[in-house]
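> whatever this is, show me its structure:
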Amino acid sequence: MAEFIDKFQLNFIEDKRYEFIFNGLKTTLIITAFAVLIGIVLGFIIAMIRATHDRTGKMKILNAICKVYLTVIRGTPAMVQLLIMYYVVFAVHDPGKMITAIIAFGLNSAAYVAEIVRSGIMSIDQGQFEAGRSLGFNYHQTMLLIILPQAFKNVLPALANEFIVLMKETSISGYIGITDLTRGGDIIRSQTYEALLPLLAVAAIYLILVMFLSYLVGKLERRLRSSER
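Below you'll find the predicted structure:
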């Protein structure tokens, strides 16, 4: 027990090394939050373009661009995308490492959000479109006012799970020099030459965050099911 206390003090108390963990957690949450916003906005736009093409055959060029984007993003690792964004896209005009990470993870998330939302839109019965037309709405009004709200309700749990995955994926931010949660634990390890406690602390924090978000997702799913009865 005394040995554990000594190691705990060495890894977290001395020189206020716990601040690496707390500051890293803050960075991880900021990157995740803004990447989620980009993923939602861009993902919904792509989903609407793809669904419109599937329903009406319109927007062929935009649909083709979206398909290429989805193929590239979903077919390559997130870490490679992050490195390309940092070392290639923003090699000359660097907006900052955190901004680069937010854009990279946001673009990555948008591809998965788009397919989730598109599947939700396509799951809505064609009769709902006809109902919107009978009310005097055009296609876009029907999509925005009738279809999307129903589709969003159907795919909300899947979207929440995607954001949980995104939060864990941000652990690779350290590859471009960002001191996120994972990198914070690694800095402590490099200073104390003790790997167990820093890595356990990082893993425990990720686990707590995921369990909390999973609890919220489960609660949301139960509420949605009860509202359908």
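> quickly find the element holding residue 103.
helix 97-122 (DSSP states H and E).
> residue 87: how many residues sit nearby?
11 (other C-beta atoms under 10 Å). Bear in mind the C-beta positions are built from the backbone N, C-alpha and C, glycine included.
> ok, now residue 9?
Neighbour tally, residue 9, other C-beta under 10 Å: 11.
> so how far is residue 200 from it?
15 Å (C-beta to C-beta, to the nearest Å).
> returning to what we had before: give me the helices and strands touching the helix or strand just after the helix holding residue 103, please.
Sequence-wise, the next helix or strand downstream of helix 97-122 (DSSP H and E) is helix 126-134. Using 3 or more C-beta pairs under 8 Å, 6 or more residues apart in numbering; DSSP states H and E as the contact test, the elements touching helix 126-134 are helix 139-142.
> pLDDT below threshold where in the chain?
Applying pLDDT under 70 to the chain flags residues 225, 227-229.
> all helices for it, in order.
Per DSSP state H, the chain has helices spanning 2-8, 18-56, 60-75, 78-84, 97-122, 126-134, 139-142, 148-169, 181-192, 196-228. These are given in chain order.
> got the ones you listed as a markdown table, with mean neighbour count and distance to residue 90 columns?
As requested, those are exported to a markdown table (neighbours: other C-beta atoms under 10 Å; distance: least, C-beta to C-beta, whole Å):
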| stretch | mean neighbour count | distance to residue 90 |
| --- | --- | --- |
| helix 2-8 | 10 | 40 |
| helix 18-56 | 19 | 15 |
| helix 60-75 | 13 | 17 |
| helix 78-84 | 17 | 10 |
| helix 97-122 | 22 | 5 |
| helix 126-134 | 13 | 42 |
| helix 139-142 | 14 | 35 |
| helix 148-169 | 17 | 19 |
| helix 181-192 | 21 | 19 |
| helix 196-228 | 13 | 27 |
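> want to throw those helices into a markdown table with distance to residue 91?
Listed next are those as a markdown table, based on distance: least, C-beta to C-beta, whole Å:
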| stretch | distance to residue 91 |
| --- | --- |
| helix 2-8 | 42 |
| helix 18-56 | 20 |
| helix 60-75 | 19 |
| helix 78-84 | 10 |
| helix 97-122 | 10 |
| helix 126-134 | 46 |
| helix 139-142 | 39 |
| helix 148-169 | 23 |
| helix 181-192 | 21 |
| helix 196-228 | 30 |
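> residues contacting residue 84?
With contact taken as C-beta atoms under 8 Å, 6 or more residues apart in numbering, residue 84 is in contact with no other residue.
> now do the same contact list for residue 78.
Contacts of residue 78 by C-beta under 8 Å, 6+ apart are 104-105, 108, 169, 172.
> which member of the residues you listed is positioned nearest residue 66?
Nearest to residue 66 among the contacts of residue 78, counting by C-beta to C-beta, is residue 108 at 14.9 Å.
> from residue 94, how far off is that closest one?
Following C-beta to C-beta, the distance that separates residue 108 from residue 94 is 20 Å.
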